[in-house]
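*Asks:* sharing a model prediction with you, sequence too.
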Amino acid sequence: MRVAAEVPALALAEYQKTVRTLLRHPLVTTTHPDTKTLQLVRRWADPLRKDLAEQLGYRLEFVGHAARLVRPRDALDATHPAQVKDRTFDRRRYAYLALTLAVLGRAGIQITLGELAEAVAADAARVEGLGLDTDRLSDRRAFVDAVTWLEERGALHVADGSISAWASDPGSGEALYDIGRDVVNALFRPPRVLQHVTGAAALLQHHIGTSENAQRQAAAQKARRLLLEQPVVYLHEVDRAVRNHLRSPAVVEDMERLTGLRVERRGEGLMLVDTAGFSDARFPGTGAVAQAALLLLGEMADRFVDPDARNLPRHAPPPPAQRHDELLSQVDSALPRAGVLAEAAASLAEPDAEHDAGPGVSEATDAAELADESGEIRFPFVSDSFLRSKMKDLMTRYGVAFGETWRADPERLRLKAVELLDRYRLVHRVDSGVLMLPLAGRYRNVIAKVSRRKQAAVATLFDLGDAP
């Protein structure tokens, strides 16, 4: 037994729940995500440190009254943005969050919201195109969201006043905050110093030993991380070393015992099935977009198996690294134009640069060897025109269930639905359409029923399909 070896059988369920909570909330404080989790993390600190380090390459640290799970990233992920009350963070909010953390890092034990806003505004004024004008409602709301995000995690505690009063009118409202120094220190854990960062890719680099055993362990840890961090892991998208570990029964057994969840294996890939509320992101979900996505998926599946229709054309998916490179470019587009980071990097020699293997560095050879095999992979292509036509049909049949806003703009609903399907790796967006990925077969039999309750229409969707 390699996982949870020191955990008694009767306490295994509690240990697995603690692991799931820590993976979902890598920052744990006395109040976040609740008042009990930090006690459980402290109770299981020794086996947690051992299992998370050996299995996933994660590092569990305690900073006063906070615990932080430091996780190396193999790739950027744009599907889990920060949110406050269902408001998704944009670049402005992320910038205010970073600047607020910097101000708190050099502040005392207390600070008023007005003083905090003034200090952040002074720093934001030095960033071209940013700024913070508290008289401008959009700026004020973005700043309040950043402060609220920190407040929810215990970095700030209201001692007096109200943030809502200040948000309504900074001139008449005010709030006094106690600064949670432990939480601030735990939040600011940069993987590299500024002088070594010349782009977002540098934040993904982590040390990998050069020995054969170290390379093998790194590939196994990456395989397990992929199972946790992606809705589904397709074997054709990973390099040979990782693929070999994903095919090993040991990885499945270890992840099931560590998390208490079930790993589903198919010829095309693997998926960690969330049977215990591990993630708040689920498909199918509730809401008009999720319902439209599921209905569209059913229409695509029906078209694929229609014996009277011509076979759908098949196309090779874009290289797995293409989308990630595009995301890196988007992030790097916000770097200072004056080349401040490049100049700082040039002033310092990179220590042990030959040992810092970022994602894709050790995989270049494998990718080249797999070129022929990847070239044979083809997925059914569904055109945008087909999806538009089917969305109009769905609106005719079930439009009453989607609400007036969506009925007035079915094209926007279609785009949102396709975006959701792409996020869960059910389809892959390409020019003029989508490619149906293997996981889409799970939802090939969809039944929709519209029922009326108190003169309000509700769409109920049932997934009756089996995995391919």
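*Replies:* That came through, no problem.

*Asks:* and the helices in the stretch 251-400 of the chain?
*Replies:* 288-305, 320-332, 340-346, 364-369, 371-375, 384-398 (DSSP state H, counting those that start in this stretch).

*Asks:* worst average pLDDT in these?
*Replies:* When the helices of the stretch 251-400 of the chain are ranked by mean pLDDT, helix 364-369 comes last with a mean of 33.

*Asks:* among the helices of the stretch 251-400 of the chain, which is nearest Arg423?
*Replies:* The closest of the helices of the stretch 251-400 of the chain to Arg423 is helix 288-305. By C-beta to C-beta, the value is 9.6 Å. Where you see a C-beta, it was placed from the backbone N, CA and C, and this is true even at glycine.

*Asks:* what is that closest one packed up against?
*Replies:* Packing partners of helix 288-305 (3 or more C-beta pairs under 8 Å, 6 or more residues apart in numbering; DSSP states H and E): strand 379-383, helix 384-398, helix 410-423, strand 433-436, strand 446-453, strand 456-463.

*Asks:* tell me which of the helices of the stretch 251-400 of the chain sits most buried.
*Replies:* helix 288-305 (a mean of 21; mean count of other C-beta atoms under 10 Å).

*Asks:* what are the contacting residues of that one?
*Replies:* Applying C-beta atoms under 8 Å, 6 or more residues apart in numbering, the external contacts of helix 288-305 come out as 283-284, 309, 312, 380, 382, 386-387, 390-391, 393-394, 398, 401-403, 406, 413-414, 416-418, 420-421, 426-427, 434, 436, 440-441, 443-446, 448, 459, 461, 463, 465.

*Asks:* make a ChimeraX selection of the buried ones in those.
*Replies:* Only the buried entries of the contacts of helix 288-305 go into this ChimeraX selection, using 16 or more other C-beta atoms under 10 Å:
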select :283,284,312,380,382,386,387,390,391,394,398,401,402,406,413,414,416,417,418,420,421,426,427,434,436,440,441,443,444,446,448,459,461,463,465
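
*Asks:* wait, which of the helices and strands packed on helix 288-305 is closest to Val184?
*Replies:* That would be helix 410-423 among these, by C-beta to C-beta, at 31.5 Å.

*Asks:* and the angle for that closest one with helix 288-305?
*Replies:* Going by axes from the mean of the first three to the mean of the last three C-alpha atoms, to 10 degrees, helix 410-423 is angled at 80 degrees with respect to helix 288-305.

*Asks:* who touches helix 410-423?
*Replies:* Residues contacting helix 410-423 (C-beta under 8 Å, 6+ apart): 79, 231, 283, 288-290, 292-293, 296-297, 387-388, 391-392, 395, 402, 406, 427-429, 434, 440.

*Asks:* any idea how far the residue nearest the centre of the chain is from Arg24?
*Replies:* For the chain, His80 is the residue whose C-alpha lies nearest the centre (C-alpha atoms, centre = their mean; 3.1 Å). His80 sits 10 Å away from Arg24, going by C-beta to C-beta, to the nearest Å.

*Asks:* secondary structure element for the nearest residue to Thr112 once chain neighbours are set aside?
*Replies:* Closest residue in space to Thr112, ignoring its immediate chain neighbours: Leu176 at 5.3 Å, by C-beta to C-beta, 6 or more residues apart in numbering. If you go by DSSP states H and E, Leu176 is part of strand 175-179.

*Asks:* packing partners of that strand?
*Replies:* strand 110-112, helix 113-124, strand 156-161, helix 163-168.

*Asks:* possible to save these as CSV with distance to Gly131 and mean neighbour count?
*Replies:* Putting the helices and strands packed on strand 175-179 into CSV (distance: least, C-beta to C-beta, whole Å; neighbours: other C-beta atoms under 10 Å) gives the following:
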stretch, distance to Gly131, mean neighbour count
strand 110-112, 21, 16
helix 113-124, 5, 19
strand 156-161, 23, 15
helix 163-168, 18, 16
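
*Asks:* figure out which of these is closest to Val197.
*Replies:* Comparing the helices and strands packed on strand 175-179 by C-beta to C-beta, helix 113-124 comes nearest, at 18.5 Å.

*Asks:* flag every buried residue along the helix or strand following the closest one.
*Replies:* Of the helices and strands lying after helix 113-124 in sequence (DSSP H and E), the nearest is helix 137-152. Residues of helix 137-152 classed as buried by neighbour count (16+ other C-beta under 10 Å): Asp139, Arg140, Ala142, Phe143, Val144, Asp145, Ala146, Val147, Thr148, Trp149, Leu150, Glu151.
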